[in-house]
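Enquirer: Quick one, structure for this:
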Amino acid sequence: MTGETVRTLLRRLRALQGERAEAYRLLEQGHRAYLSSAPDYDFPRYRQRVHEATLAFSRASREVLGIAGRLRHELARPDLAQHLTRLQEREQEKLQLTAQLQLAQQQAQDQPDVDAHQQEVRELKHRLIKTIEAISEILQDLKYDSEEAE
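Expert: Numbering: from 1, shown residues only. The predicted model follows:
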């Protein structure tokens with residue numbers, strides 16, 4: 001029964017990661033539309049998209065923390081719960097970097113002659129890629145450790 005419960009929780013985690021990916025896709029789509037509305041930016045529409053994404057990320061985070069708690073306390077799998085803690089930290093970092101990148105992209109668009117803005121966009125993209133790679137690695141470790149115990 002415990003093994004099945006762990007598998008069920010990890011399936012739900014995969015679904016939550018899919019929901020996060022969709023929220024990022026919609027946020028990026030909204031940001032592209034926002035940038036294309038320059039110079040009279042359509043901030044109310046973009047703000048609504050950010051609000052919707054924030055709600056989705058918050059719901060997913062709360063549920064992931066709940067799964068981590070169950071793994072740690074009910075199912076005696078602190079090893080798996082630790083992966084979820086690391087995942088949450090990297091997801092928070094990804095969201096912060098995404099917000100910074102979007103601001104930097106707007107600055108680069110508004111002031112194309114300022115090389116520092118272009119450099120900041122490149123650096124943030126690089127950091128974002130590294131964070132996404134770390135998330136993938138954590139998910140791979142989680143998969144491996146959960147299968148190892150079966």
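Enquirer: tell me the mean pLDDT for the helix or strand hosting residue 144?
Expert: For residue 144, the enclosing helix or strand under DSSP states H and E is helix 115-148. For helix 115-148, the mean per-residue pLDDT is 96.
Enquirer: Show me which positions of that helix end up buried.
Expert: Going by neighbour count (16 or more other Cβ atoms under 10 Å), the buried part of helix 115-148 is 117-118, 120-121, 124, 127-128, 131, 134-135, 138-139, 141-142, 146. Just so you know, the C-beta spots here come from the backbone N, C-alpha and C atoms, and that holds for glycine as well.
Enquirer: Stretch 81-94 now?
Expert: Neighbour counts over stretch 81-94 (16+ other Cβ under 10 Å) mark 81, 82, 83, 84, 86, 87, 88, 90, 91, 93, 94 as buried.
Enquirer: So residue 39: helix, strand or coil?
Expert: Of the three states, residue 39 takes coil according to DSSP: H, G, I helix; E, B strand; the rest coil.
Enquirer: residues in contact with residue 33?
Expert: By Cβ atoms under 8 Å, 6 or more residues apart in numbering, the residues touching residue 33 are 42, 45, 46.
Enquirer: got a markdown table for those, with neighbour count too?
Expert: What follows is the contacts of residue 33, written out as a markdown table (neighbours: other Cβ atoms under 10 Å):
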| residue | neighbour count |
| --- | --- |
| 42 | 14 |
| 45 | 13 |
| 46 | 18 |
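Enquirer: Pipe those residues into JSON lines and attach secondary structure, distance to residue 103 and pLDDT per row.
Expert: Formatted as JSON lines, the contacts of residue 33 follow (DSSP: H, G, I helix; E, B strand; the rest coil; distance: Cβ to Cβ, whole Å; pLDDT from 0 to 100):
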{"residue": "42", "secondary structure": "coil", "distance to residue 103": "16", "pLDDT": "91"}
{"residue": "45", "secondary structure": "helix", "distance to residue 103": "17", "pLDDT": "93"}
{"residue": "46", "secondary structure": "helix", "distance to residue 103": "12", "pLDDT": "94"}
